[in-house]
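>>> Starting from these lines, generate the structure:
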Amino acid sequence: MTVQSDLKKALAAAENAKGSYATFAAATEDQMAKSMFMQMSQDMDSHIQQLNSRLSYLNSVNPMNQNRQ
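A predicted model of the protein is given here:
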């Protein structure tokens, strides 16, 4: 397994988690839980950005990776 494939798996998991947190926030009436889930969803934006940034970096420094996207 390559770092690139690991990053893609992590990215998919982060995007899935973000969606789940947003769904949980929308489904609850508990304002504290809603706030927590919304914050967790927003935190995933940072994780997704970091993963995408690293994936872009790998693609830019290793031409072999460009064919594997």
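
>>> and S20, how many residues sit next to it?
Neighbour count of S20, defined by other Cβ atoms under 10 Å: 14. (Glycine included, C-beta is placed from N, CA and C.)

>>> In space, what's closest to M40 - neighbours in sequence excluded?
Y21 (4.5 Å; Cβ to Cβ, 6 or more residues apart in numbering).

>>> show me the contacts for the one you found.
F37, M38, M40, S41, M44 (Cβ atoms under 8 Å, 6 or more residues apart in numbering).

>>> Helices - which of those residues land there?
With DSSP state H as the criterion, helices contain F37, M38, M40, S41, M44 from among the contacts of Y21.

>>> how many neighbours does S60 have?
Neighbour tally, S60, other Cβ under 10 Å: 10.

>>> element containing it, please.
Assessed by DSSP states H and E, S60 sits inside helix 31-61.

>>> Any buried residues in that helix, and which?
Across helix 31-61, burial judged by 16 or more other Cβ atoms under 10 Å covers F37, M40, S41, M44, H47, I48, L51, L55, L58, N59.

>>> Pipe these into CSV and attach pLDDT per row.
As requested, the buried residues of helix 31-61 are exported to CSV (pLDDT from 0 to 100):
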residue, pLDDT
F37, 98
M40, 98
S41, 97
M44, 97
H47, 97
I48, 98
L51, 97
L55, 94
L58, 90
N59, 87
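
>>> Taking those residues together, which two end up most distant?
F37 and N59 (32.6 Å; Cβ to Cβ).

>>> hmm, back to that, mind putting the buried residues of helix 31-61 into a markdown table with distance to L7?
Output for the buried residues of helix 31-61, formatted as a markdown table (distance: Cβ to Cβ, whole Å):
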| residue | distance to L7 |
| --- | --- |
| F37 | 25 |
| M40 | 21 |
| S41 | 21 |
| M44 | 15 |
| H47 | 11 |
| I48 | 11 |
| L51 | 6 |
| L55 | 5 |
| L58 | 7 |
| N59 | 10 |
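
>>> Report the separation between the residue nearest to M40 and S5.
As judged by Cβ to Cβ, to the nearest Å, Y21 and S5 stand 25 Å apart.

>>> Now do the contacts for K8.
Taking Cβ under 8 Å, 6+ apart, we find K8 in contact with L55.
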